[in-house]
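S.K.: how would this look folded up:
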Amino acid sequence: MQETKNNNTSAEELKKAVWDVVKNIPDPEIPVITIEDLGILREVIINDKNEIEVIITPTYSGCPAMDLIGWNIKTELEQNGFKNFRITNVLSPAWTTDWMTETGKQKLKAYGIAPPNKKQIVCDTELFQQDEAVPCPHCDSYNTKLVSRFGSTPCKALYHCNNCNEPFDYFKCH
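M.R.: Model (predicted):
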């Protein structure tokens with residue numbers, strides 16, 4: 001880290017500076033949402049030696065985007081003069097869609113991905129299974145049908161809107 005930051009910056013100022021540098025890093029799989037919006041940027045810790053630790057939590061264990069997110073955090077910190085840091089992936093507590101910001105959910109919808117919603121359950125009596133009632137991000141209709149429990153990534157499901165006839169991903173609640 002730059003000497004001026006190291007010697008003249010309080011831990012709280014340093015923590016805020018680090019957070020501000022990394023918060024806008026986009027998610028590699030959904031580039032319209034940031035790691036802060038997604039809720040995977042959990043914490044910045046500054047120890048008594050002004051060493052920096054950035055805590056991130058994957059949306060699910062084994063998420064392939066975490067390596068690239070870690071690399072992007074490292075790159076941003078280095079480009080902004082920070083040298084004495086480490087990035088830690090923490091699996092517990094497990095990530096939940098409750099950690100997503102409302103702004104992030106709005107960005108998902110504007111991008112055409114239905115954001116996670118509270119578990120509004122409808123029963124498909126023909127199949128005797130329960131599915132979430134997911135509104136279409138294009139026309140807001142609840143007249144949608146699950147096509148596949150897994151969409152373009154494991155954290156999304158593929159749906160089809162019966163009103164506007166558009167397919168769309170749904171960011172699953174967990």
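S.K.: where do the strands sit along the chain?
M.R.: Along the chain, the stretches classed as strands by DSSP state E are 41-46, 52-56, 85-89, 113-114, 121-124, 129-132, 144-148, 156-161, 167-171.
S.K.: Domains in the protein, by residue range?
M.R.: 3-96, 112-171 (automatic domain parsing).
S.K.: Dump those to JSON lines, plus mean pLDDT.
M.R.: Shown next, in JSON lines, are the domains of the chain (pLDDT from 0 to 100):
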{"stretch": "domain 3-96", "mean pLDDT": "91"}
{"stretch": "domain 112-171", "mean pLDDT": "82"}
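S.K.: okay if I get those as CSV plus distance to residue 104?
M.R.: To be clear about C-beta, it is placed using only N, CA and C from the backbone, and glycine gets the same treatment. CSV is the format used below for the domains of the chain (distance: least, C-beta to C-beta, whole Å):
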stretch, distance to residue 104
domain 3-96, 3
domain 112-171, 8
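S.K.: can you redo those domains as TSV with mean neighbour count?
M.R.: TSV is the format used below for these (neighbours: other C-beta atoms under 10 Å):
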stretch	mean neighbour count
domain 3-96	16
domain 112-171	16
